[in-house]
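Participant: I'd like to go over a predicted model; first the sequence, then the structure.
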Amino acid sequence: MTKKNKLQSFTSRIVPFRIWVQSAFLLVWLDPLGWRFHSICSPVFHCYSCPLATFACPIGVLAGFSALHLFPFIAVGMLVLIGILLGSIVCGWACPFGFLQDLVAKVPTPKFDPPGWTGNLRYVVLIGTVIAVPYFFGEGHWLFICRFCPAGALEAAVPNMVGQAVAGQKIVWPNALKLAILGLFLIAIFFVKRPWCRVLCPLGAIFSLFNRVSAFFLRFDADKCNSCERCHKLCEYGIEPEKSPNDLRCVRCLECTGCSTEALTLGSIFEHSKTTIPPAKD
Amino acid sequence: MVLLVPVALAAIIYGTIFHSTTILPRQSDETEKSPPETTAQQVAEPAGMKLREPTIIRDTTVGGLVRLDSGVIRRTYSGKPPSACPT
């Protein structure tokens, strides 16, 4: 057994506590101090209309700027910076919407894997409803991302409706499409692990594009692999990590690094190891 | 690809400090503020204000800006911004 480097040691220590890291990030996004920094984009999928939102949702900002025919320098710069450094680690460790789906996935119901090709729908959502529809038809179009986003429905519309009901005011209902997608989402999360992230999330689509070129990446050491395929069982997203450690569908939960032979580890361009396999060779 | 890091940082700095766009105030405000002798020409072409990108981001989060058919961007509110976006 070779000696672990600092990054590998850190990874193996922290992966069992991922849920606590997600909880800690949740506190950051949920604005416990009421700061409402809505001039700043967060790197996670969290609706800014949520009564408890610290920052602006980057997807909402991209779509909003597209509708205004403006280039969002801050949002794009922030997404590229996070993506090139971390890839989709944000999805697995910091995103509150992913965390919600992770928590519900712990309910013991039968789970199904969507076909691999459905992951490409994320790019359709990104290009279509975040960029093209807002640009050509404005924010009033029914396919504008915020008009059917389940995060917006769950985190903003529902709390606001409850608030209106409690205050005895007239309840403003979201549109039927938004309610239908929210309903489908709430059913799907019990039977598919992270259905939004895997099939439709436009933010995950952006970060996934950096998975193969990011500064931190998953490294596979073929010499240590004994083909036990334990990593297939550890991966909850139907990926075969030894074949494609930096797969575009990976949310980098790093559960596969629990492989007993340590064939899969988190690597980075900052370490100087002879065994480092560049992510481009995936 | 690491070269994208300075490019991304440059985009963030440019957007935060330098990038601004001319936004027209809400139309009714302009009409209300216009003195009686204001001509129709002046009402049709109200003075715009330069908003920096962080302010545009904040306004976007509450549906506070709209792009008109003429291509100009106009604020949808005056005074205190709405508490949530209309979607």
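Facilitator: It's in. In this text, all values refer to a predicted model and were calculated from it rather than measured experimentally.
Participant: Report the next helix or strand after the helix or strand bottoming out on mean pLDDT in chain B in sequence order.
Facilitator: Lowest by mean pLDDT, DSSP states H and E among the helices and strands of chain B is helix B:40-44, with a mean of 48. As assigned by DSSP states H and E, the chain's next helix or strand after helix B:40-44 is strand B:49-52.
Participant: contact partners of that next one?
Facilitator: With contact meaning C-beta atoms under 8 Å, 6 or more residues apart in numbering or on different chains, strand B:49-52 is reached by B:16-17, B:19-25, B:59. Placement of C-beta: from N, CA and C, glycine included.
Participant: Now with 6 Å, please.
Facilitator: If you take C-beta atoms under 6 Å, 6 or more residues apart in numbering or on different chains as the criterion, strand B:49-52 is touched by B:20-23.
Participant: could you redo these as JSON lines and give each row pLDDT and distance to chain A?
Facilitator: Below are the contacts of strand B:49-52 laid out as JSON lines (pLDDT from 0 to 100; distance: C-beta to the nearest C-beta, whole Å):
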{"residue": "B:20", "pLDDT": "95", "distance to chain A": "10"}
{"residue": "B:21", "pLDDT": "95", "distance to chain A": "6"}
{"residue": "B:22", "pLDDT": "94", "distance to chain A": "11"}
{"residue": "B:23", "pLDDT": "94", "distance to chain A": "9"}
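Participant: Inside strands: which ones of those?
Facilitator: B:20-23 (DSSP state E).
Participant: Give me the three-state assignment for residue 59.
Facilitator: Defaulting to chain A. For residue A:59, the secondary structure call by DSSP: H, G, I helix; E, B strand; the rest coil comes out as helix.
Participant: Repeat that for residue A:185.
Facilitator: Assigned state for residue A:185: helix (three-state reduction, three-state DSSP).
Participant: ok, for it, nearest residue in space, not its chain neighbours?
Facilitator: residue A:150 (4.1 Å; C-beta to C-beta, 6 or more residues apart in numbering or on different chains).
Participant: from the contacts of strand B:49-52, which would you call buried?
Facilitator: B:21, B:23 (16 or more other C-beta atoms under 10 Å in any protein chain shown).
Participant: between the contacts of strand B:49-52, which is nearest residue A:164?
Facilitator: Comparing these against residue A:164 with C-beta to C-beta places residue B:23 closest, at 30.3 Å.
Participant: Give me the neighbour count for the spatially closest residue to residue B:71 that is not a sequence neighbour.
Facilitator: Distance criterion C-beta to C-beta, 6+ apart; nearest residue to residue B:71, sequence neighbours excluded, is residue A:69 at 7.5 Å. Using other C-beta atoms under 10 Å in any protein chain shown, residue A:69 is surrounded by 13 other residues.
Participant: quick one: pLDDT of residue A:69?
Facilitator: For residue A:69, the model assigns a pLDDT of 97.
Participant: What is the neighbour count of residue A:140?
Facilitator: Neighbours of residue A:140 (other C-beta under 10 Å): 12.
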